[in-house]
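**Student:** Kindly generate the corresponding structure for this input.
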Amino acid sequence: MELAFIPSPSRGVLYLGPIPLRGYAFCIIIGVFIAVWLGNKRWIARGGRAGTVADIAVWAVPFGLVGGRLYHVITDYELYFSEGRDWVDAFKIWEGGLGIWGAIALGALGAWIGCRRRGIPMPAYADAVAPGIAFAQAIGRWGNWFNQELYGKPTDLPWALEITSSSDGRVPGTYHPTFLYESLWCIGVALLVIWADRRFRLGHGRAFALYVAAYCTGRAWIEYMRVDDAHHVLGLRLNVWTAILVFLLAVTYLVVSSKKRPGREEVVEPGAEASGDGAADAQKSERATEDDEVADDKATDTATGKSADKDEAETEAAGKKTGADAAKDEAGSGKKT
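**Tutor:** Next up, the predicted model:
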């Protein structure tokens, strides 16, 4: 008998009059707002303009949604194009089914287009939004809870997830809540990136690469626990191999980038007013300039004072000399008389 478990919602959609509010879509929307909000704060702190992250997100988010859906449909094509299935369901994104690999890949393409239009270095933008993306994933995973999907192996642990639906091959019971594991892991990844970025001043895309590597590490073992249908290669699920490959690419980029381009970008958005770290540097420079100006003024005043004193002394000496000469001349004149 289970003493405790995480209950699943009886349905994944609520109706506000005729308007359906779907839990899966709601979680994704909240995640996007969190990612843009945090990314904006980090971008400003690095010297960029407020609003730039949101402007580029207008490109990145739609591309990411399309990429995530494409990856899911391609890797699980039998759910939409096999006998008895309706291919129109491939467009019903609100019913679940987004592949993070496709979302990041195509989302990066959209971000690149937005950055290019603004004259902004793509790696710097990626570093700024990396923790926000991880937080967005943490929130988005709760959409799987609303849809009763992507759970793990059966378990009777106190935090087991109760599945009540029997549609699409589900078997009611209690299972490992892999959606919760991944959500917590993504929060840890976001905090790790924020800490490492402050500690080591990561730049040129290395904060984003750290996010990717850390996420892949968790995704590999969480994916291994899942029991939903998936394609297997050499005994491992396709997404496990994808996580391993992407992890290696991210680590390689970290190593090569740190050697070729150490440090952090000095300018992330041309023409932007300095703020955050940039503002601090600008204030230091401004204070140094003011100090130099004060020192120069003092030196000038000192030199001017000394020159004035010297002129006054020379004038006084000349006056004394003139007086002495006049007295001498007067004495000589008296003698002659």
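**Student:** after the host helix or strand of H72, next one along is what?
**Tutor:** H72 belongs to helix 52-75 when assigned by DSSP states H and E. Once the chain leaves helix 52-75, the next helix or strand it forms, by DSSP H and E, is helix 78-81.
**Student:** which residues sit in contact with the closest residue in space to Y181 that isn't next to it in sequence?
**Tutor:** Distances taken as Cβ to Cβ, 6 or more residues apart in numbering place I222 nearest to Y181, at 5.2 Å, with adjacent residues excluded. Quick note: C-beta positions are derived from backbone N, CA and C, even for glycine. Neighbouring residues of I222 by Cβ atoms under 8 Å, 6 or more residues apart in numbering: G152, T178, Y181, E182, W185.
**Student:** And for P62?
**Tutor:** Applying Cβ under 8 Å, 6+ apart, the residues near P62 are G110.
**Student:** try 10 Å this time
**Tutor:** With contact taken as Cβ atoms under 10 Å, 6 or more residues apart in numbering, P62 is in contact with L106, G107, G110.
**Student:** which of those count as buried?
**Tutor:** L106, G107, G110 (16 or more other Cβ atoms under 10 Å).
**Student:** And the pLDDT at the first one?
**Tutor:** In this model, L106 is scored at 95, pLDDT.
**Student:** phi, psi of the closest residue in space to I6 that isn't next to it in sequence?
**Tutor:** The spatial neighbour of I6 that comes closest, neighbours along the chain excluded (Cβ to Cβ, 6+ apart), is L161 at 4.8 Å. Main-chain dihedrals, L161, degrees, to the nearest 10: phi -100, psi 130.
**Student:** thought L161 was touching R170?
**Tutor:** No. Between L161 and R170 there is no contact under Cβ atoms under 10 Å: 11.7 Å.
**Student:** of those two, who's got more company?
**Tutor:** Set L161 next to R170 and count neighbours by other Cβ atoms under 10 Å: L161 wins out with 23 against 15.
**Student:** which element is the most centrally placed residue in the chain on?
**Tutor:** In the chain, the centroid-proximal residue (Cα atoms, centre = their mean) is V129; its distance is 2.2 Å. In this structure, V129 sits in helix 122-140 according to DSSP H and E.
**Student:** before we move on, what about Y24?
**Tutor:** Secondary structure assignment for Y24, by DSSP H and E: helix 23-45.
**Student:** picking up where we left off before, who's in contact with the nearest residue to the residue nearest to the centre of the chain once chain neighbours are set aside?
**Tutor:** Of all residues not flanking V129 in the chain, G39 sits nearest, at 3.8 Å (Cβ to Cβ, 6+ apart). G39 is in contact with 48, 52-54, 56-57, 60, 125-133, 135-136, counting by Cβ under 10 Å, 6+ apart.
**Student:** can I assume the residue nearest to the centre of the chain is in contact with D197?
**Tutor:** No. Using Cβ under 10 Å, V129 makes no contact with D197, being 11.8 Å away.
**Student:** Report the set of residues contacting both of those two.
**Tutor:** With Cβ under 10 Å, 6+ apart, V129 and D197 have common neighbours R42, A207, Y211.
**Student:** Contact partners for G68?
**Tutor:** 28, 93, 97-107, 140.
**Student:** any idea which of these is closest to N147?
**Tutor:** Nearest to N147 among these is G97, at 9.1 Å by Cβ to Cβ.
**Student:** how deep is the nearest residue to the closest one once chain neighbours are set aside tucked in, by neighbour count?
**Tutor:** Leaving aside its sequence neighbours, G97 sits nearest to H72 (Cβ to Cβ, 6+ apart; 4.3 Å). Neighbourhood size, H72 [other Cβ under 10 Å]: 22.
**Student:** Just the buried residues of the helix or strand encompassing A196, please?
**Tutor:** Assessed by DSSP H and E, A196 sits inside helix 178-200. Residues 178-183, 185-187, 189-190, 192-194, 196-197 are the ones in helix 178-200 that count as buried (16+ other Cβ under 10 Å).
**Student:** and what of stretch 234-244?
**Tutor:** In stretch 234-244, counting by 16+ other Cβ under 10 Å, buried: R237, N239, V240, W241, T242, A243.
**Student:** Can you tell me what sits against that stretch?
**Tutor:** Applying Cβ under 10 Å, 6+ apart, the set of residues contacting stretch 234-244 is 71, 75-76, 99-101, 212, 215-224, 226, 228-233.
**Student:** go with 7 Å
**Tutor:** T75, W101, C216, R219, A220, E223, Y224, A230, H231, V233 (Cβ atoms under 7 Å, 6 or more residues apart in numbering).
**Student:** Now A57: closest residue in space, sequence neighbours ignored.
**Tutor:** Of all residues not flanking A57 in the chain, V36 sits nearest, at 5.1 Å (Cβ to Cβ, 6+ apart).
**Student:** The one you found reaches D55, doesn't it?
**Tutor:** No. If you go by Cβ atoms under 7 Å, V36 and D55 don't touch, sitting 10.0 Å apart.
**Student:** surely R85 meets Y77?
**Tutor:** No. R85 sits out of contact with Y77 when judged by Cβ under 7 Å, with a separation of 9.5 Å.
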